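K.L.:
give me a model of this one.
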Amino acid sequence: MNEMAALIASSDLIKSYEQQLSEYQHRLERKEHENERKNNEIKELQDQNNELVSKLETKLLEQQRLQTTKNIFAHDLHSTGESEKYVQLLQKNHDVVVEKYESYKVEYERVRREHEESLKLYTEMKIENDKLADQNYQCQRQKEDAVNAKRILESKLRTAEETLQVVQDERRQFKAKAEQAEAQ
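P.N.:
Below you'll find the model as predicted:
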């Protein structure tokens with residue numbers, strides 16, 4: 001009876017562990033979705049960076065063409081000013097992308113560690129669950145063996161009682177015949 005109570009308590013503990021594991025997995029999935037969204041944002045910023053680089057290159061090529069075809073210093077200064085604006089904008093975007101990348105990297109590592117911990121916990125719970133299931137099976141087998149042994153003993157007891165009853169009946173009949181034989 002105590003073993004069954006212990007098994008039930010252990011089963012409740014395992015269910016609690018499984019629920020915690022399910023919660024960890026759910027949080028991990030949410031974090032993965034969030035990381036995917038953040039990675040998409042980073043990709044968008046990188047695309048913007050690439051577009052700005054392309055514009056800058058185009059602008060620089062245009063500037064070089066203007067310098068070779070025209071020798072106007074005023075125009076060169078104006079184009080250089082625009083190029084510097086693009087360079088500054090690219091630097092800002094690059095800084096933002098690097099900053100977001102670092103924060104996502106830290107978040108990813110944290111989520112990865114939580115996932116590893118939850119897998120470890122799940123493995124431990126699975127091992128304990130298997131042990132408890134084995135113990136439960138052994139208890140059930142012992143119970144079945146005890147029930148079968150009880151049935152066999154009850155059957156032998158009934159047979160012995162029936163044999164005893166027959167012997168006692170024969171003894172009474174024999175005694176009655178012996179008394180009749182003496183009386184005659």
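K.L.:
neighbouring contacts of stretch 85-97?
P.N.:
When contacts are taken as Cβ atoms under 8 Å, 6 or more residues apart in numbering, the neighbours of stretch 85-97 outside the stretch itself are 42, 45-46, 48-49, 52-53, 55-56, 59. (Each C-beta comes from the backbone N, C-alpha and C, glycine too.)
K.L.:
distance of residue 134 from residue 46?
P.N.:
54 Å (Cβ to Cβ, to the nearest Å).
K.L.:
those two: who's more crowded?
P.N.:
Remark: of residue 134 and residue 46, residue 46 carries more neighbours, 14 against 10, as counted by other Cβ atoms under 10 Å.
K.L.:
ok, now how distant is residue 178 from residue 165?
P.N.:
Relative to residue 165, residue 178 is positioned 20 Å away (criterion: Cβ to Cβ).
K.L.:
try residue 40
P.N.:
From residue 40 to residue 165 the distance is 90 Å (Cβ to Cβ).
K.L.:
once you drop chain neighbours, what's closest to residue 111?
P.N.:
residue 31 (4.1 Å; Cβ to Cβ, 6 or more residues apart in numbering).
K.L.:
try residue 45
P.N.:
Among residues not flanking residue 45 along the chain, residue 97 sits closest, at 4.8 Å (Cβ to Cβ, 6+ apart).
K.L.:
try residue 128
P.N.:
Closest to residue 128 by Cβ to Cβ, 6+ apart is residue 14, at 6.6 Å.
K.L.:
so who does that neighbour touch?
P.N.:
Residue 14 sits next to 125, 128-129, 132 when contact means Cβ under 8 Å, 6+ apart.
K.L.:
just the buried residues of these.
P.N.:
Buried residues within the contacts of residue 14, defined by neighbour count using 16 or more other Cβ atoms under 10 Å: 125, 129, 132.
K.L.:
which ones among these lie within helices?
P.N.:
When DSSP state H defines the helices, the subset of the buried ones among the contacts of residue 14 inside them is 125, 129, 132.
K.L.:
closest one to residue 25 out of the residues you listed, please.
P.N.:
Nearest to residue 25 among these, counting by Cβ to Cβ, is residue 125 at 12.8 Å.
K.L.:
roughly how far is the helix or strand encompassing residue 165 from the heart of the chain?
P.N.:
Under the criterion of DSSP states H and E, residue 165 resides in helix 73-183. Helix 73-183 has its C-alpha centroid displaced from the chain centroid by 13 Å (Cα atoms, centre = their mean, to the nearest Å).
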